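A.B. asks: please find the sequence and the predicted model below.
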Amino acid sequence: EKSMEAKTYVKVERMNEKERLKMNLSLEGRTYVVMGVANKRSIAWGIAQSLSKAGARLVFTYAGERLEKNVRQLAETLDREDSLILPCDITDDQAIKEAFGQIKEEVGAIHGLAHCIAFANKEELEGEYLNVSRDGFLLAQNISSYSLTAVAKVVRDLDLMKEGGSIVTMTYLGGERVVKNYNVMGVAKASLDASVRYLANDLGKDNIRVNAISAGPIRTLSAKGIGGFNDVLKEIEAKAPLRRLTNQEEVGDTALFLMSDLSRGITGELIHVDSGFNITG
Ligand SMILES: COc1ccc(Cn2cnc3cc4c(cc32)CCCC4)cc1C
């Protein structure tokens, strides 16, 4: 009786071992939403390329008609015809409901979502933090933090990730400690980071994981015209343990890990992809 049971247990364990060995980075047969592609230098585009290379079908959302052409042209460079592209103004709850309602119509279920959206008034990303206006503060919070919660809420209400899923957002060291000039965006990222933990807590029972990638500064459209940005990059090349800058491809690969089964035990977490800069004083 006992030995019978033991044999069964060992058999299940070995099967799990075989299953485990099959578990990998493949996203074949899965669909992911990528929010925030603006152009080929966007972090969101780096994520899209990594997910697509792993076999994922992609749905792109963008804000502002002027970006549609860029996103469409980029999506066409992926070797698959089934990408979806649709507008989504994340400051408008009705627009989010409509966009994700359309996604449900067209693809049924999604297996994950990359949220690569942030905004603040450029003039509030330099000088003293306390010069921030009430409007500027709320704008940065609304776009850079609440938008993740708003999207997660609609995904859950539409039961879009009914097979479980993985939500990834982008954050920055300036949300954990003072980084000169990051100012109001740092306060917004602190809010985003805490949201990741509370959303992970709420959604874990639905087998939906929520994590953040804290990327080192990358020269993208968002970073254009930021005061002292070049000095920030130089300091990283001089001090980061890996002595080099972060790029969109390595952020994309970490997103692939977080979207895949290999990260099935990780939720509510923040992973630095920053050449180790965050561990230095
Ligand atoms: C040390 O300072 C910085 C270090 C990195 C950056 C790059 N960066 C990271 N998150 C951002 C969000 C936004 C901008 C730039 C961003 C631009 C406006 C839209 C939202 C910016 C500063 C200021």
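C.D. replies: Okay, I see it. In this text the structure is predicted, and so the values were computed from the model without any measurement.

A.B. asks: quick one, strands of this structure?
C.D. replies: Taking DSSP state E, the strands of the chain run over residues 31-35, 57-62, 84-87, 112-115, 165-171, 208-215, 270-273.

A.B. asks: can you list the ones you listed in CSV and add mean neighbour count?
C.D. replies: For the C-beta atoms, the positions are set from N, CA and C on the backbone; glycine is no exception. Listed next are the strands of the chain as CSV, based on neighbours: other C-beta atoms under 10 Å:
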stretch, mean neighbour count
strand 31-35, 25
strand 57-62, 24
strand 84-87, 16
strand 112-115, 27
strand 165-171, 26
strand 208-215, 25
strand 270-273, 19
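
A.B. asks: in the chain, where is pLDDT below threshold?
C.D. replies: For the chain, the stretches with pLDDT under 70 are 1-2, 5-15.

A.B. asks: hmm, back to that, among the strands of the chain, which is nearest K22?
C.D. replies: strand 165-171 (18.6 Å; C-beta to C-beta).

A.B. asks: residues of the stretch 101-250 of the chain that sit close to the ligand?
C.D. replies: Taking C-beta under 6 Å from any ligand atom as the contact definition, the stretch 101-250 of the chain meets the ligand at 118-120, 122, 125, 172, 179-182, 185, 217, 222-223, 226, 232.

A.B. asks: any quick ChimeraX command for the buried ones out of these?
C.D. replies: In ChimeraX, this line selects whichever of these come out buried by 16 or more other C-beta atoms under 10 Å:
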select :118,119,120,125,172,179,181,182,185,217,222,226,232
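
A.B. asks: pull the most distant pair out of the residues of the stretch 101-250 of the chain next to the ligand.
C.D. replies: It's F119 and K180 that sit farthest apart of these, by C-beta to C-beta, at 19.9 Å.

A.B. asks: related to what we said a few turns ago, could you dump the strands of the chain to a markdown table with distance to Q141?
C.D. replies: Shown next, in a markdown table, are the strands of the chain (distance: least, C-beta to C-beta, whole Å):
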| stretch | distance to Q141 |
| --- | --- |
| strand 31-35 | 17 |
| strand 57-62 | 20 |
| strand 84-87 | 22 |
| strand 112-115 | 15 |
| strand 165-171 | 14 |
| strand 208-215 | 16 |
| strand 270-273 | 18 |
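
A.B. asks: just so I know, which of the ones you listed lies nearest K189?
C.D. replies: strand 165-171 (4.9 Å).

A.B. asks: tell me the angle the closest one makes with strand 31-35.
C.D. replies: 20 degrees (axes from the mean of the first three to the mean of the last three C-alpha atoms, to 10 degrees).

A.B. asks: switch to numbering from 717
C.D. replies: With 717 as the first residue, the last one maps to strand 881-887.

A.B. asks: find out how far strand 881-887 is from the centre of the chain, if you would.
C.D. replies: Its chain's C-alpha centre and that of strand 881-887 lie 4 Å apart, by C-alpha atoms, centre = their mean, to the nearest Å.

A.B. asks: then stretch 804-812?
C.D. replies: Averaging C-alpha positions (C-alpha atoms, centre = their mean) puts stretch 804-812 18 Å from its chain's average.

A.B. asks: how about that stretch against the ligand, any contact?
C.D. replies: No - using C-beta under 6 Å from any ligand atom, stretch 804-812 stays clear of the ligand, coming no nearer than 13.2 Å.

A.B. asks: give me the buried stretch members for that stretch, please.
C.D. replies: Those would be 804-806, 811-812, for stretch 804-812 by 16+ other C-beta under 10 Å.

A.B. asks: of the strands of the chain, which approaches S976 most closely?
C.D. replies: strand 881-887 (8.1 Å).

A.B. asks: so what's the nearest residue to R925 once chain neighbours are set aside up against?
C.D. replies: By the measure of C-beta to C-beta, 6 or more residues apart in numbering, the closest residue to R925 outside its immediate chain neighbours is T983, 3.9 Å from it. T983 sits next to 916, 920, 925-927 when contact means C-beta atoms under 8 Å, 6 or more residues apart in numbering.
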